[in-house]
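S.K.: what's the 3D shape of this:
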Amino acid sequence: MQQSERRPIVVGAGPAGLAVGASLARHGISCLLLERGTAVGTTWRGHYDRLHLHTDKAHSSLPFLPFPRSCPRYPARQQVIDYLEDYARGFGLQPRFGQEVREARRTDGRWQVHTADASYSGPELVIATGHNREPYLPDLPGMADFRGKLLHSADYRNGAPYRKQKVLVVGLGNSGGEIAIDLCEHGAHVSLAVRGPVNVVPRDLFGIPIVAVAVAERVLPPRLADALNAPVLRAALGDLASCGLRRPAYGAMTQFRREARPPLIDVGTVGLIRRGAIAVRPGVAGFAAENVVFSDGTRAGFDAVVLATGYRARVDAFLQDAAPAHRADGTPLSSGRESELPGLYFCGYRVAPTGMLREISREAPRIARAIAERH
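M.R.: Down below sits the predicted model:
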């Protein structure tokens, strides 16, 4: 089925795609919204049960619609899904589901998009498939020989199957930290493999959401913000070295700038480490039968290993002839504005201390205004 339209094409019906659709509607422009899943918020539906937003709802709503007053400060996974469904209904957004994009390229001044059973053509293309499009699995020696259960955090749902088992969580990002808590709450014996130094910030700093602090400091140079924050964070978190956690030579705000990677927003992991409920291990060097081999040469046996090793955007998996618009690893070079290619936009790819959803709420209206001007 070939469809050629004047409408812009938006790929992804998660927070970013829905925000772009609603923002375009404000300009009187309808879009063709394509989603690979069977409902809006496919990625959120696949996350682990315990997940809550790590940014408060006041800084996490999409354009034109706040979270309901009934939601807690940090909405749970299902509450975010409910919000996205209400958002789509409220703005009359009707995605075409089951439309996973296999190929997209610019031809003769238009964007041609191909799925398994249809082809579409439009003047603009907005990619909003998100950073979590593809789970990243490290290639470690002996992985195929490990006799325990080995899974990526994308496939983890809850800790019930791991009660009384020895479980290693690899990676102390926000997913790894919260999954470790969930495993503890379900009675597992939990260890965390932490490869290197880690920046840690509390979710609330003396009752104030940490993202609100980041918003207030966004105009400061990162090094100055880190210098101002350091004594406050030490007072709030205590000595992390006593927990086996090393701090990097630079703070969280500099980390955002240098690495486009957030710190651990602590929701209780550090406290469990202090109490001995979670053991800290070095990074993983490889596997051997029932054992995990750590970077310091030690070994330990585990029933299961959860790889909280992150995701990749990998827009290059379907976006063809678009090398000027993305890095070699498939991460877009821009977000919230027109890319190096005419009519191509990315939304939701800027990693900022003020939170991904807040950035989406700022990027989507900018993209809509730019498309409206083109039209």
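S.K.: tell me what the helix or strand encompassing Glu178 is packed against?
M.R.: Glu178 belongs to helix 174-185 when assigned by DSSP states H and E. Secondary-structure packing of helix 174-185 (3 or more CB pairs under 8 Å, 6 or more residues apart in numbering; DSSP states H and E): strand 166-170, strand 189-193, strand 264-266, helix 269-274, strand 304-307. Where you see a C-beta, it was placed from the backbone N, CA and C, and this is true even at glycine.
S.K.: mean confidence score for the top helix by length along the chain?
M.R.: Ranked by residue count and defined by DSSP state H, the top helix of the chain is helix 356-374. The predicted model gives helix 356-374 an average pLDDT of 97.
S.K.: same check, this time on stretch 310-327
M.R.: Here the average pLDDT along stretch 310-327 is 96.
S.K.: Tell me the buried residues in that stretch?
M.R.: By 16 or more other CB atoms under 10 Å, the buried positions in stretch 310-327 come out as Gly310, Tyr311, Arg312, Ala313, Arg314, Val315, Asp316, Phe318, Leu319, Ala322, Ala325, His326.
S.K.: now do stretch 123-136
M.R.: Pro123, Glu124, Leu125, Val126, Ile127, Ala128, Thr129, Gly130, His131, Asn132, Arg133.
S.K.: again, but for stretch 268-285
M.R.: Within stretch 268-285, the residues scored as buried using 16+ other CB under 10 Å are Gly268, Thr269, Val270, Leu272, Ile273, Ala277, Ile278, Arg281, Val284, Ala285.
S.K.: wouldn't the fourth one be in contact with Leu183 here?
M.R.: No. Using CB atoms under 8 Å, Leu272 is not in contact with Leu183; the gap is 10.0 Å.
S.K.: got any residues that touch both of those two?
M.R.: Both Leu272 and Leu183 are in contact with Val190, where contact means CB atoms under 8 Å, 6 or more residues apart in numbering.
S.K.: which of the buried residues of stretch 310-327 sit farthest apart?
M.R.: Largest separation among the buried residues of stretch 310-327 by CB to CB: Gly310 and Ala322, giving 23.0 Å.
S.K.: Between the helices and strands packed on helix 174-185, which one is closest to Val232.
M.R.: Nearest to Val232, of all those, is strand 264-266, at 14.1 Å by CB to CB.
S.K.: Show me where the stretch 51-200 of the chain has its strands.
M.R.: 101-107, 110-115, 119-122, 125-127, 134-135, 149-152, 166-170, 189-193, 200-202 (DSSP state E, counting those that start in this stretch).
S.K.: For Leu341, which of those is the nearest?
M.R.: strand 101-107 (6.1 Å).
S.K.: buried ones in the closest one?
M.R.: Val101, Ala104, Arg105, Arg106.
S.K.: what does stretch 61-74 give?
M.R.: By 16+ other CB under 10 Å, the buried positions in stretch 61-74 come out as Ser61, Leu62, Pro63, Phe64, Leu65, Phe67, Cys71, Tyr74.
S.K.: was I right about Arg358 contacting Ala212?
M.R.: No. Under the criterion of CB under 8 Å, Arg358 is not in contact with Ala212, lying 10.4 Å apart.
S.K.: give the contact list for Cys184.
M.R.: Per CB under 8 Å, 6+ apart, neighbours of Cys184: Gly159, Val190, Leu272, Ala277, Ile278.
S.K.: actually Ile273, not the one I typed
M.R.: Leu192, Cys243, Gly244, Leu245, Ala279, Val280.
S.K.: ok, which pair from those residues is furthest apart?
M.R.: Leu245 and Ala279 (12.2 Å).
S.K.: Quick check: beta-bridge partners of His52?
M.R.: Ala76 (DSSP bridges).
S.K.: Send me the longest helix of the chain as CSV with only the CA atoms.
M.R.: Below are the C-alpha coordinates for helix 356-374, written out as CSV (Å, rounded to 0.1, in the frame of the first residue of the first chain):
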residue,chain,number,x,y,z
MET,A,356,13.9,13.8,29.4
LEU,A,357,10.2,14.5,29.6
ARG,A,358,10.8,18.2,30.3
GLU,A,359,13.1,18.4,27.3
ILE,A,360,10.4,16.8,25.2
SER,A,361,7.8,19.3,26.3
ARG,A,362,10.2,22.1,25.1
GLU,A,363,11.4,20.4,21.9
ALA,A,364,8.0,19.3,20.5
PRO,A,365,6.5,22.8,20.2
ARG,A,366,9.7,24.1,18.6
ILE,A,367,9.5,21.3,16.0
ALA,A,368,5.8,22.0,15.4
ARG,A,369,6.5,25.7,14.8
ALA,A,370,9.3,24.9,12.4
ILE,A,371,7.1,22.6,10.4
ALA,A,372,4.2,25.1,10.4
GLU,A,373,6.6,27.7,8.9
ARG,A,374,7.6,25.2,6.2
